[in-house]
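Engineer: Got a sequence here, can you model it:
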Amino acid sequence: MGSGPHPKVYYFHVRGSAFLWHQIRHMVALLFLVGQGLEAPTLVSELLDVSKNPCRPGHAMANEVPLVLWDCVFPSSAIPQEPTMRLTDALEWVYVGDNQRSDKFGQHGLGRSKASASVRLFQGGDSARLGGRYTQVMKSKDFVQSPEEQNEKYAKRKGYASAADLREKKGIGRGKEAQTMADGSAPVCD
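Structural biologist: Presented below is the predicted three-dimensional model:
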């Protein structure tokens, strides 16, 4: 806690072109685990090694309530997209009423309650989630299936022999030329 009655604010800057909100929540959840001392800071580097870890761990996402989308820029659709084009804020901001409890912060606020036998996992919300015995992310066997495994499972559920069979029968992944040749017609040349 800070020296005043209000909590510290932490800033997590992500810059990219295609982040989804849930991806951000997963990233923040891992940072919360590191901050609570439940995970080593090297966890982030380990997870970024996709040859070693092709699938993300199946951990809980951070609470979305305290996460604030501070800035987001989109190019104007009226202006042609050029690398030198200036991007401006194109969001319509919505301000929601403050629903914080008055007893949340201060001398007896978060983190001031009696210690418990089970691990309390803070995920950014008003309260902690009781987690029982904590298992580190990399030691857990709970990893999400790889995209290939998910595609295979989906194809079989839809009645195909495999994901490759589904792609072949639906023509997914073939270029226009390959598709027209397979149909027996001549390729279209521009």
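Engineer: Quick one: neighbours of the closest residue to residue 41 other than its chain neighbours, just the number.
Structural biologist: Excluding its sequence neighbours, the residue lying closest to residue 41 (CB to CB, 6 or more residues apart in numbering) is residue 34, at 5.4 Å. C-betas here are computed from N, CA, C, even on glycine. If you count neighbours by other CB atoms under 10 Å, residue 34 ends up with 16.
Engineer: repeat for the one 3 residues further on
Structural biologist: Applying other CB under 10 Å, we find 7 residues neighbouring residue 37.
Engineer: Can you check the pLDDT for the residue nearest to residue 41?
Structural biologist: Note for residue 34: predicted pLDDT of 89.
Engineer: Next: residue 39.
Structural biologist: pLDDT, read off for residue 39, is 88.
Engineer: Repeat that for residue 152.
Structural biologist: Predicted confidence (pLDDT) for residue 152: 93.
Engineer: That one looks like it's in a helix, true?
Structural biologist: Yes. Assessed by DSSP: H, G, I helix; E, B strand; the rest coil, residue 152 belongs to a helix.
Engineer: Can you pull the phi/psi pair for residue 158?
Structural biologist: Torsion angles at residue 158 (phi, psi; degrees, to the nearest 10) stand at phi -90, psi 0.
Engineer: thinking it is in contact with residue 170, fair?
Structural biologist: No. Between residue 158 and residue 170 there is no contact under CB atoms under 8 Å: 10.0 Å.
Engineer: Those two: which has the busier surroundings?
Structural biologist: residue 170 (12 against 9).
Engineer: and the nearest residue to residue 172 once chain neighbours are set aside, what element?
Structural biologist: Nearest-residue entry for residue 172: residue 166, 7.2 Å, with adjacent residues in sequence omitted and distances by CB to CB, 6+ apart. Assessed by DSSP states H and E, residue 166 sits inside helix 163-170.
Engineer: what sits up against that helix?
Structural biologist: 148, 151-152, 154-155, 158, 160, 172-173 (CB atoms under 8 Å, 6 or more residues apart in numbering).
Engineer: neighbour-wise, which of these leads?
Structural biologist: Busiest of those [other CB under 10 Å] is residue 155, holding 19 neighbours.
Engineer: That one: what secondary structure?
Structural biologist: Residue 155 ends up helix, using three-state DSSP.
Engineer: That one and residue 8: what is the separation?
Structural biologist: Here the criterion is CB to CB, to the nearest Å. By it, residue 155 lies 48 Å from residue 8.
Engineer: Equivalent analysis for residue 139, please.
Structural biologist: From residue 139 to residue 8 the distance is 30 Å (CB to CB).
Engineer: Determine the set of other helices and strands touching the lengthiest helix in the chain.
Structural biologist: Secondary structure of the chain per DSSP state H: the longest helix is helix 21-35. Packed against helix 21-35 by the contact rule (3 or more CB pairs under 8 Å, 6 or more residues apart in numbering; DSSP states H and E) you find helix 43-48.
Engineer: All set, thanks.
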